[in-house]
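# What would the 3D arrangement of this be:
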Amino acid sequence: SSGLSLSALTGSPGALQAIAVPDSDSPLTRLLTSGTTGRPKCVQRTHAQVSFLADSYRNTVGITRQDRILAAVPLCHGHGFCSGFLATLSAGATLFAEPRFQRRPTLQLLESERITIFSAVPFLFSLLADTNMPRQPDLRSVRLCVSGAGALKREIWHKVRDRLGLEIRQSYGSVETGALTVNLDQNLEATCESVGTPLQGVEISIRHGGTPQGEEGAAGHVYARTPAAGESLEVESRSVCDPEGWIPMHDLGTVDSGGHLYLTGRRNGIVNVAGRKVSIEEVESVLRSHHAVAAVKVVPCLDNYGEDAVRAMVVLNSPCTRRDLTEHCRLSLSEYKIPRVVDFYDSIK
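As a prediction, the model looks like this:
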């Protein structure tokens, strides 16, 4: 792992003066999304949109030049891009990016480099809490742990606090929207399952079939409105927003009286595997293309860590093994999309 500071990127103040100021509406970044708000797509964001996202996150969370940030998620991921890369550049902080996550080196790095902000996903936090170390690491320098890209269960929150002394704060967002919320509640234990309240300049509402309404009540469809929303390049440049600027997140949730957002499920056929979205339709389509498959149904299941994984229920029309189907999927799917469990049935209803 290596540290990277803003000063190392920009050089001397004189060098900054020689850089032309770009048009705020010109494209700056393109990120691939696995499909939080719909089908997988490429999302383009302008200088102004990236600037808003960076400033909104920095100001809401309170990141300063003195912070030392460890990102245990890829910086091309929506969570890592904002809580790691943009947060560092915006505040002039120091970033430590791990090319490969390893449990013991990560815990050692948190201690030795006096990390103040640590961003990861629930699965990685759980792994760290289960890691046996010769000596309990001193993590008192860590003032903020930010989890994203997946639901944080209360039992994992308590395990991490009790074993590592870290209190995890959930955040919420997508590649299409950027970061939307973060839980900065003082009584964090009471609201640890909430993804928090909106960042500065961001709006979150729950829709029950009509116009968006941010009222406490039954679960409804989550909508977001943010100046950081990018454009889909799937076919041609087009906004991911509706005419009023609202973005359907394809999540279900509630908002309590304190404005805290709680996510309760997904609207569409998506499985969240360690923060990466897997389309059920895509996996089923690949499996159906195998000559021995007569019918298939893909559903979420829980792995040994209690995290979501992909399970395939298959009806065969000729002899075939689980390994045959796994290797068939590997030709067309990323590793995390391949069914972890394959069960054979005589019929599927």
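
# buried set for stretch 283-297?
The neighbour-count check on stretch 283-297 (16 or more other Cβ atoms under 10 Å) flags 283-284, 286-287, 290, 292-293, 296-297 as buried. Where C-beta positions appear, they are placed from N, C-alpha and C, glycine not excepted.

# mind listing which of those residues are in helices?
Secondary structure assignment by DSSP state H places 283-284, 286-287 of the buried residues of stretch 283-297 in helices.

# Next, format the residues you listed as TSV and append pLDDT.
Converted to TSV, these look like this (pLDDT from 0 to 100):
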residue	pLDDT
Val283	90
Glu284	89
Val286	91
Leu287	92
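
# want to throw the residues you listed into TSV with distance to Leu53?
As requested, those are exported to TSV (distance: Cβ to Cβ, whole Å):
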residue	distance to Leu53
Val283	31
Glu284	34
Val286	34
Leu287	37
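
# Farthest-apart pair in the residues you listed, please.
Glu284 and Val286 (7.4 Å; Cβ to Cβ).

# Look up how far Gln170 lies from Ala179.
Distance, Ala179 to Gln170, by Cβ to Cβ, to the nearest Å: 12 Å.

# nearest spatial neighbour of Arg154, skipping sequence neighbours?
Glu193 (5.5 Å; Cβ to Cβ, 6 or more residues apart in numbering).

# Does the one you found belong to a helix, a strand or coil?
Put simply, Glu193 is coil when judged by DSSP: H, G, I helix; E, B strand; the rest coil.

# isn't it right next to Ser147, touching?
No: at 11.2 Å, Glu193 does not count as touching Ser147 under the criterion of Cβ atoms under 8 Å.

# between these two, which one's more packed in?
A count of neighbours by other Cβ atoms under 10 Å puts Ser147 above the other of Glu193 and Ser147, at 31 against 15.

# Touching, Ile168 and Cys145? I think so.
Yes: counting by Cβ under 8 Å, Ile168 touches Cys145, with 4.7 Å between them.

# okay, and the common contacts of these two?
Jointly contacting Ile168 and Cys145 under the rule Cβ atoms under 8 Å, 6 or more residues apart in numbering are 125, 160.

# coming back round to it: nearest to Arg135, of the ones in helices among the buried residues of stretch 283-297?
Of all these, Arg135 sits closest to Val283, with 43.1 Å by Cβ to Cβ.

# quick one: contacts for the closest one?
By Cβ under 8 Å, 6+ apart, the contact set of Val283 is 298, 310, 312, 329, 333, 337, 339.

# Closest to Arg154 out of those residues?
Within those, the smallest distance to Arg154 is 24.3 Å, found for Val310 (Cβ to Cβ).

# Isn't that closest one up against Ser334?
No: here Val310 does not reach Ser334: they are 11.2 Å apart, not a contact under Cβ under 8 Å.

# Just the terminal-to-terminal distance for stretch 167-181.
17 Å (Cα to Cα, to the nearest Å).

# on that earlier part again, intersection of neighbour lists for Ala179 and Gln170?
Taking Cβ under 8 Å, 6+ apart as the contact rule, Ala179 and Gln170 both touch Gly148.

# Just after whatever helix or strand Arg323 lives in, pick out the following helix or strand.
Using DSSP states H and E, Arg323 sits within helix 322-330. Using DSSP H and E, the next helix or strand after helix 322-330 towards the C-terminus is strand 341-344.

# what helices or strands is that following strand leaning on?
Here strand 341-344 touches strand 308-316, helix 322-330, going by 3 or more Cβ pairs under 8 Å, 6 or more residues apart in numbering; DSSP states H and E.

# So what touches that strand?
Here strand 341-344 makes contact (Cβ under 8 Å, 6+ apart) with 301, 309-316, 322, 325-326.

# where does the stretch 201-349 of the chain dip in pLDDT?
209-218, 233-240, 266-268, 274-275, 305-306 (pLDDT under 70).

# Need the max-distance pair from the contacts of strand 341-344.
Within the contacts of strand 341-344, Ala309 and Leu316 form the most distant pair, 21.8 Å apart (Cβ to Cβ).

# Find the residue closest to Arg114 in space, skipping its chain neighbours.
Closest residue in space to Arg114, ignoring its immediate chain neighbours: Ser141 at 4.2 Å, by Cβ to Cβ, 6+ apart.

# right, and that neighbour touches Thr116 too?
Yes: here Ser141 reaches Thr116: they are 5.8 Å apart, a contact under Cβ under 8 Å.

# Comparing Val310 and Ser334, which shows the higher neighbour count?
A side-by-side neighbour count of Val310 and Ser334, using other Cβ under 10 Å, places Val310 first with 23 against 12.

# how long is stretch 135-145 end to end?
Start and end residues of stretch 135-145 are separated by 21 Å (Cα to Cα).

# mind listing the helices for the stretch 151-300 of the chain?
For the stretch 151-300 of the chain, the helices defined by DSSP state H, counting those that start in this stretch cover 154-164, 280-288.
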